[in-house]
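J.: what follows is a predicted protein model with its sequence.
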There are 2 protein chains.
Amino acid sequence: MKMIETLRSRIDLPDDICQILLRAAIKREVGKNNILFQPPRVNRKCLFIEAGLVRGYKLIDGKDYTHHFFTPGWFATDFESFISNRPASLYIETLTRCSYLEFDREVLYRLYEEHHALEKLGRIIAEKAYLFTVEKLTDLQTLDLKGRYQNLTRKNPELFRQVPQKYIASYLGVSEQSLSRIKGR
Amino acid sequence: MKMIETLRSRIDLPDDICQILLRAAIKREVGKNNILFQPPRVNRKCLFIEAGLVRGYKLIDGKDYTHHFFTPGWFATDFESFISNRPASLYIETLTRCSYLEFDREVLYRLYEEHHALEKLGRIIAEKAYLFTVEKLTDLQTLDLKGRYQNLTRKNPELFRQVPQKYIASYLGVSEQSLSRIKGR
DNA sequence: TCCAGACATTCACATTTGTTAAGAAATCAC
DNA sequence: GTGATTTCTTAACAAATGTGAATGTCTGGA
């Protein structure tokens, strides 16, 4: 998934601005099961995923909580750490071979200052991240496990073919056994 | 709580920009137990709360889910509806007498276009909303009721003196009886 | 002051989910 | 292929939470 087309579907970007953005990025490829970011190191990069699947998770008291699956078109980073410039709490690892564009925090924020259009892009990305998160929060607050599971299978069916089920379970906020139980019906 | 001081604590704003922002706002006061926004009407306003307490909640299958308590310094709106210009799902009501500054969506977005500094302000507000939401989501995903309750009493103790407990219960994602049970220890 | 309505607590019981453990199934490395 | 490892399912039991009902408490209005 090419970045410029993706961004242009969300916001109008002139050609010269696109070139500036592309020149700020480093294209990388990496194999599966690589840890890209590790707490508590501050997250000074964000990665536009072009292909592959990336998982963000937290380790708390030895337990693994999946926070997000980054799919092509998303920026993979510990957004909390990236925004606030504070220590990260999110592990970010590839689940498959991935290709992505890497942006540096300082470079990106300088571009925000220099170009109003990129500042606007930053706003829209932040708004999009908010919308996604608040939807997930509402699901967790108002639906039982069955409802959340059905929601996810409807919105993102291919996830179940790519991701170990225990990760999906922790993403939905339950144990893997509970998820297995629900599936049986 | 004055808006300009609050915003300036988060971002550097020149005097002339502040004046432009203030001229776009309408100052209002309203008594307690008033519904300010009601679904499914699209939320075309957002309200900077200067004083008082506002609750945002959803009604799903007749059940009441508290989504957020807007305190002074916050913008009260159905941010989902406001951003996307789609029908709202959030009821917004005053819990106490309130004073606030009202902004119109079209006016505000035009100011974003006209002034880079306000676009940046919009980005930072969206980022802040994201940070708050993701923290609440992580709490819900990783803590049991006791932990979430203790978190809330630590972060916002005065809430318990101002808000009926059943609203706090639904805010924490449990029934009022469960919250009452936990408190007893 | 008194009453009606809203709110909080408590209980019993049903339901859901977590936990531990065991074994089956699938996947990976060699 | 084959063995080792990981993942998935199932079961039994414990713990947490939801539900409905009864009761007590508080509050605001007539």
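T.: Everything's here; your move.

J.: do the helix ranked longest in chain A and DNA strand C meet?
T.: Ranked by residue count and defined by DSSP state H, the top helix of chain A is helix A:116-142. No. Helix A:116-142 is not in contact with DNA strand C by CB under 7 Å from any atom of the strand; minimum separation 10.7 Å. Placement of C-beta: from N, CA and C, glycine included.

J.: what residues does chain A have near chain B?
T.: Selection of chain A residues close to chain B by CB under 8 Å from any CB of the partner chain yields A:58, A:60, A:63, A:65, A:67, A:79-80, A:83-84, A:112, A:116, A:119-120, A:122-123, A:126-127, A:129-131, A:133-138, A:140-142, A:173.

J.: mind checking which of these are buried?
T.: Buried by 16 or more other CB atoms under 10 Å in any protein chain shown: A:58, A:65, A:67, A:79-80, A:83, A:112, A:116, A:119-120, A:122-123, A:126-127, A:129-131, A:133-134, A:136-138, A:140-142, A:173, out of the residues of chain A next to chain B.

J.: now do the contacts for residue A:167.
T.: Listed by CB atoms under 8 Å, 6 or more residues apart in numbering or on different chains, the contact set of residue A:167 reads A:55, A:57, A:64, A:66, A:69.

J.: okay, buried residues for the strand or helix carrying it please.
T.: Element membership for residue A:167 (DSSP states H and E) is helix A:165-172. Neighbour counts over helix A:165-172 (16+ other CB under 10 Å) mark A:167-172 as buried.

J.: first to last residue in stretch A:155-162, what's the distance?
T.: End-to-end distance of stretch A:155-162: 15 Å, with CA to CA, to the nearest Å as the criterion.

J.: wait, stretch A:37-56
T.: The first and final residues of stretch A:37-56 sit 9 Å from each other (CA to CA).

J.: quick one: is it near DNA strand D?
T.: No. Stretch A:37-56 is not in contact with DNA strand D by CB under 7 Å from any atom of the strand; minimum separation 11.2 Å.

J.: specify the beta-bridge partners of the residue nearest the centre of chain A.
T.: Note on chain A: the residue nearest the mean C-alpha position is residue A:70, at 3.6 Å, using CA atoms, centre = their mean. Beta-bridge partners for residue A:70, by DSSP bridges, are residue A:54.

J.: who's in contact with it?
T.: Residue A:70 touches A:47, A:49, A:53-56, A:76, A:92, counting by CB under 8 Å, 6+ apart.

J.: near DNA strand D, which residues of chain A?
T.: Contact residues, chain A versus DNA strand D (CB under 7 Å from any atom of the strand): A:164-166, A:176-177, A:179-181, A:183-184.

J.: can you select the buried ones from the residues you listed in ChimeraX?
T.: Here is the ChimeraX command that selects the buried residues among those (16+ other CB under 10 Å):
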select /A:179
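
J.: pLDDT value on the residue nearest to the centre of chain A, please?
T.: Residue A:70 carries a pLDDT value of 96.

J.: separation between it and chain B?
T.: With distances taken as CB to the nearest CB, to the nearest Å, residue A:70 is found 14 Å from chain B.

J.: do residue A:160 as well
T.: Separation of residue A:160 from chain B (CB to the nearest CB): 20 Å.
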